[in-house]
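In: turn this into a structure:
(chains A and B)
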Amino acid sequence: MADDGQESEVFEITDFTTASDWERFIARLEEVMHDWKLPTLKRNPPVKKGEYTIGSWKEKSANVRYANFTFTITEYKLKQEYNEKDLTLDDEESEDILPEAVEDLMMMENDFPPRAHCLCRWFGLRHFLVLSPAAHSDAVISESRIRILQSSVSIAISNTSCQIPVFVQVQQKWRRMYVGQCEGPGMRTSFDMVHLKKIPHQFNHLAGLLGVFKSKISTPVSSPPPVSVAVRFTYILQDWTNYSWPQLPPDFDAPSGSEVGNSGFGKLPFGAVEDPVSELHLATTWPSLSEDMIVDNDVYSDLDPIQAPQWSVRIRMMEKPQCLLGEYLGDFGKLCKRSESVEQLLGRSFYQDDSDTADISQALQRLTEPVPMHIPTLSSVVTRARTRMHHKKQMEEEPIPGDILNEILQFLFPDAGLIACIRRWSCCIFLLPLTLLQSGAPCLGSCLLHQKLQMLNCCIARKIARENTSMSQSSSAVSLGTNIQPSLSSNSFLPASLSQASFGGSDRGSLASSPSNKDEDEDDDEFFECDEDPEEGENEKVGEEELAAAGNSQDVEMEDVEEKDKIERTEKEEKEKPEKTSDDSSPDEIAFRDTVVYQPEGRLRQCGDLTLICNDDELLYIPITQDPAPMTEDQLEEHATVLAELGTSEEGAELRARMQSACLLSDMEAFKAANPGCMLEDFVRWYSPRDYIEDDDSCNTPHPDMNEEDRDRMKKGKLSSRMMIPGNMWQEVWSQAKPVPARRQKRLFDDTKEAEKVLHYLASLKPAEVALHLMPMLIHAAIIRIQHIEIEGLPSLTSLMTQITQRASKLTRMGSTDIKKYEEVIKQIELAEVVIARAQSLRAKFSQQVLEDDDKQTELEKFVSSLLEQPEVSVLGAGRGPAGTILHRLFAAAQRSANMLPSEEELLADDDVVDHASQSSSVSVKDFPRPAGKEFILRTRVQRPTSYSRALPQRLFCVLMNNDFRLAGAFSEDTTFF
Amino acid sequence: MMNEDEVLTTLKILIIGESGVGKSSLLLRFTDDTFDPEQPATIGVDFKVKTLSVEGNTTKLAIWDTAGQERFRTLTPSYYRGAQGVILVYDVSNRKSFQKLDMWLNELETFSTKSDIVKMLVGNKIDMDKREVDRQEGLKFARKHAMLFIEASAKTKEGVQVAFEELVEKVIQTPGLWENDSRGGMSLNDRGNQSVSQGCGGYCSLL
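Out: Alright, predicted model coming up:
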């Protein structure tokens, strides 16, 4: 029993240990075919017209080893989309049905596909396998090896009954030589190929090729059906003669030098410098002829391209035409990666003040006074630019004239090759801050650099406003404030006024703070000077003398707000209100109720019709307040970080509130100054109305038609409970606040210091950083540049531009400093530029002739647009349509110029002299050159190998080119009746 | 507590709205689960941090609570920068605070740096007897402006936690809003025009 069992086990073992490499190779091939489910594949409906090009192709690969030689087997398959109901096949008759591939040989819907695998193109196949050496350099060359491979394939497909044709790539890969086979029930088709470098002259025409085809078939049938023929001739146009690239030639005389397409500083260069369209291929096709309908032999041909029923055109574009904008942006991007500092680039000596710039450097010191070291270039250049501007007398708003600018640039960048972008940067820094920038606080929507410059402007404006106020106060007290805008920042800076508003001016000696000073130093004794409000009625009462005194008092160096305040008050008391009780008060803060002991100051306007809570006769005024300190985004971020770093503990929160209470204090002080005798409740009613709770809930808002009583009742109220929490910040700050009008308060914003910070920031930027900061503008400008080019009908460009814009806006909004991300956008902009250049070039070529007919014109435009979007475009009306006419003319012109004949225009011009008819008859040049390529597809269905075999598809594809001759044949034979 | 490595990302959340609508109270309820009827009025901005787990993703929230007073509004926009989510609060017992929402949205539009910032509308103080803004109105407003909407009460806790969770979840689900690298966009050879010039690789066009 035991023995039997053992023995039977032994017999069940299949021994593959002795299998040869060849057997294993075949086994592996079969395995792959099974894996890919090829033997059981369902049949697909016939391929629709054009589907080979439009549809997508699926590729699948696997490696197969033969001994130690690796092959790759690849499946190519057209992905067909169809409904199940399209499938109409009778499974019962499967005996007789030819494999799909064999039927495909005869399909005429997809001859000459514009884009397809060569095997698809040659044999019209939609699904096939290719076995080729895996390594690119390997090749199967020897005849015996080719045979072995073919046999292996043969065995594999008959073992698996796979009906998909399998090709073996032989010879060097570049030759694209394939042998293949396909087996179906009772038939087989073999695919074979001839490839030569030269066209044998007997096969240079249809007649010769038909001869080959017929002899290869060698059907025993006495009168076979006629062979059907599809022909395509392709003509190449390379010489565009006078319809060439429309880009203007470089203007070498232009001051900007040899930069083609550079139209000055205001505009980015744009466009391709070479024609992005290199070749036009015109394919003239006779899709379906019968061999006995047409003559094409070595002496005569019926195949005149103009008569061809189908024309189609494809365009060869330059791989990467040289484009100005793309190049410019690319260079700029590279610049962002450089790591040199200004010093390294320009040398240390640049910082040394040489003799002829001595006066300038003094000016520099006035500007950025306390910086002890040598100011690095950029700010010094700014200074220089400014001083030069002053030398050139006040130029109001005019930008720096070109010659000065050039001078500066040459001075700045003696190394002329130092990339145009720096010029642009310098251009910005010279022009913008001085004249062009929008005034007001830095706009956070703009880039950091712009914000910095705006900040600078803002500082200048505030400084001017401050000094103007004090000047007008001291000089003409009566006209006080009348000609000054209430909004300080609305004064845009004029160069002319810079001299009187020089930064860190000598008029304030104590000002010399160095930029390293910490913010908000306690000992900073600048006061916020706010213009008096012209509407302010109270001021009129104030005597001239008093104002003058006030003005003078401001010129005195004050150590302390309080001190100053005291003096003012004392003056007032002495001069104006001697009857009032002295208010040299120790403000006992909580109980602080400034009984009207001082003149109200710094009123902006009435606060509705509110009156003081403890004095119904006194109206409640909104004070003039200090503008909040403008900040650039990096400062804001820093500020936020500082606040966040305080942590989330209670102490942290309190500290945070304290840090931010400066503004509240300032507002409270201004409020107290404007509303003598006010209380915190009054303040809250203006500042945070929801924290003042009216006693009577029924009426929250005063109505004009309310009677006195109601109003009185309304006034009664109290602070919200959160404002009454003992010791809360609001009360605390209120108790500390003294009545000081905004203009005499300590400034919340130290314009001098801030300006210095900006200058220092700018000065310490490396060129690469400057470039990076300019990137957003450059991208923006580039996008605008592209959008200004009016070009329509390019859907791909539109979608590309949308993408670019979205991406760029996201990128710049984040304030990204990652050059890689910018480079991605730049690449897309380059692409857009190329697309535009192509479109422009093509349009120029196809719109030479203004057509009277609008329909034709639109047809032509459509044609050009589709040339850009599609690989191959058929020409409506072939040689007789509008596009066809132009194509014909283009070819004819090229022919004439190639043969050194006068052009059409010249002929016409000569009309008077010579008889036109005789002239043209003497010209025996054809309008079209010799076709660059001829393709023929010969097809028939005939019995092979014997007359009683089935009639099966036979096909021969022929390509005839200058140095490439290829015949690709598929010949089927009956394997049942042979 | 939470291991730093497990934190998916840090999100910046902003709370805005009229003064006294209970922004700070909402935040305090969320972060400390407490309610202080005498929450002092915020000066400038305040800041709190909390780690939150939503659907297995642990995120660290940096929440900026802003003062609602008009004068402070000149200072606060800076904190809008880089925020991925915003909670816009009104007081259901105060119609005025609801009417001002448009203004706040405007402000947000102007100052936020992310165009796809997730917005949530919260109607606070639903514990109050005297309601002036109907739930439907809030709902309508939120729909009109593509916001999340919830009514809540910092006092009774209702809706607070879920509001923050919902907001964070939405932010996490919004592609490109919080990831460091927002790739995507097109490849250069995206359209037909490139293929023309390139020939066709494996697929050749003869001639």
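In: what sits against residue A:26?
Out: By CB atoms under 8 Å, 6 or more residues apart in numbering or on different chains, the residues touching residue A:26 are A:152, A:155-156, A:159. Using the backbone N, CA and C atoms, a C-beta is placed for each residue, glycine as well.
In: repeat that for 10 Å
Out: Residue A:26 makes contact with A:19-20, A:64, A:66, A:151-156, A:159, according to CB atoms under 10 Å, 6 or more residues apart in numbering or on different chains.
In: looking at chain B, which helix or strand does the model trust least?
Out: Ranked by mean pLDDT, DSSP states H and E, the weakest helix or strand in chain B is helix B:192-198, scoring a mean of 33.
In: mind checking which of the contacts of residue A:26 land in helices?
Out: Among the contacts of residue A:26, DSSP state H puts A:151-156, A:159 in helices.
In: select only the buried ones of those residues in PyMOL?
Out: Only the buried entries of the ones in helices among the contacts of residue A:26 go into this PyMOL selection, using 16 or more other CB atoms under 10 Å in any protein chain shown:
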select buried, chain A and resi 152+153+154+155+156
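In: turn the ones in helices among the contacts of residue A:26 into CSV, including distance to chain B and pLDDT.
Out: Conversion of these to CSV gives the following (distance: CB to the nearest CB, whole Å; pLDDT from 0 to 100):
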residue, distance to chain B, pLDDT
A:151, 27, 92
A:152, 24, 91
A:153, 21, 91
A:154, 26, 92
A:155, 28, 91
A:156, 23, 91
A:159, 29, 89
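In: what's the most distant pair in the ones in helices among the contacts of residue A:26?
Out: A:151 and A:159 (12.2 Å; CB to CB).
In: of the contacts of residue A:26, which is the nearest to residue A:50?
Out: Closest approach between these and residue A:50, by CB to CB: residue A:153, at 31.3 Å.
In: where is the longest strand in chain A?
Out: When chain A is scanned for its longest strand (criterion: DSSP state E), the result is strand A:277-290.
In: okay, buried residues for that strand please.
Out: Judged by neighbour count using 16+ other CB under 10 Å, the buried positions of strand A:277-290 are A:277-278, A:280-287, A:289.
In: against which helices or strands is the next helix-or-strand element following it packed?
Out: Using DSSP states H and E, the helix or strand that follows strand A:277-290 towards the C-terminus is strand A:310-317. Packing partners of strand A:310-317 (3 or more CB pairs under 10 Å, 6 or more residues apart in numbering or on different chains; DSSP states H and E): strand A:228-237, strand A:277-290, helix A:819-846, helix A:854-869, strand A:873-875, helix A:882-898, helix B:192-198.
In: repeat that with 7 Å
Out: Applying 3 or more CB pairs under 7 Å, 6 or more residues apart in numbering or on different chains; DSSP states H and E, one finds that strand A:310-317 makes contact with strand A:277-290, strand A:873-875, helix B:192-198.
In: ok, which of those comes nearest residue A:819?
Out: Shortest distance between residue A:819 and the helices and strands packed on strand A:310-317, using CB to CB, is found for helix B:192-198: 24.6 Å.
In: endpoints of stretch A:216-229, how far apart?
Out: With CA to CA, to the nearest Å as the measure, the ends of stretch A:216-229 fall 16 Å from one another.
In: how about the strands in chain B?
Out: Counting by DSSP E, the strands of chain B are B:7-17, B:45-54, B:57-66, B:85-91, B:118-124, B:148-151.
In: rebuild those strands as CSV, extending it with mean pLDDT.
Out: Formatted as CSV, those follow (pLDDT from 0 to 100):
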stretch, mean pLDDT
strand B:7-17, 87
strand B:45-54, 88
strand B:57-66, 88
strand B:85-91, 93
strand B:118-124, 91
strand B:148-151, 91
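In: which stretch among the ones you listed comes nearest chain A?
Out: strand B:45-54 (4.9 Å; CB to the nearest CB).
In: could I get the buried residues of strand A:277-290 in JSON lines, plus columns for pLDDT and distance to chain B?
Out: Shown next, in JSON lines, are the buried residues of strand A:277-290 (pLDDT from 0 to 100; distance: CB to the nearest CB, whole Å):
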{"residue": "A:277", "pLDDT": "80", "distance to chain B": "10"}
{"residue": "A:278", "pLDDT": "80", "distance to chain B": "9"}
{"residue": "A:280", "pLDDT": "85", "distance to chain B": "12"}
{"residue": "A:281", "pLDDT": "87", "distance to chain B": "7"}
{"residue": "A:282", "pLDDT": "88", "distance to chain B": "11"}
{"residue": "A:283", "pLDDT": "88", "distance to chain B": "8"}
{"residue": "A:284", "pLDDT": "89", "distance to chain B": "13"}
{"residue": "A:285", "pLDDT": "89", "distance to chain B": "13"}
{"residue": "A:286", "pLDDT": "90", "distance to chain B": "17"}
{"residue": "A:287", "pLDDT": "88", "distance to chain B": "17"}
{"residue": "A:289", "pLDDT": "87", "distance to chain B": "20"}
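In: name the nearest of the residues you listed relative to residue A:214.
Out: Checking those against residue A:214 by CB to CB gives residue A:289 as the nearest, at 16.1 Å.
In: contacting residues for the nearest residue to the closest one once chain neighbours are set aside?
Out: Of all residues not flanking residue A:289 in the chain, residue A:229 sits nearest, at 4.5 Å (CB to CB, 6 or more residues apart in numbering or on different chains). Counting by CB atoms under 7 Å, 6 or more residues apart in numbering or on different chains, residue A:229 touches A:206, A:289-291, A:294, A:936, A:938.
In: just the buried ones from those residues?
Out: Neighbour-count burial (16+ other CB under 10 Å) applied to the contacts of residue A:229 gives A:206, A:289, A:291, A:936, A:938.
In: need the strands for the stretch 601-750 of chain A, in chain order.
Out: Per DSSP state E, counting those that start in this stretch, the stretch 601-750 of chain A carries strands over the ranges A:603-611, A:619-623, A:692-694, A:717-719.
In: okay, now the residue in the stretch 301-450 of chain A positioned nearest to chain B: neighbour count?
Out: Ranked by CB to the nearest CB, the top residue of the stretch 301-450 of chain A for proximity to chain B is residue A:317, at 3.8 Å. Residues within reach of residue A:317, counting by other CB atoms under 10 Å in any protein chain shown, total 23.
In: in the sheet, who's paired with it?
Out: residue A:277 (DSSP bridges).
In: surely it is in contact with residue A:280?
Out: No: assessed by CB atoms under 7 Å, residue A:317 is found out of contact with residue A:280, at 10.6 Å.
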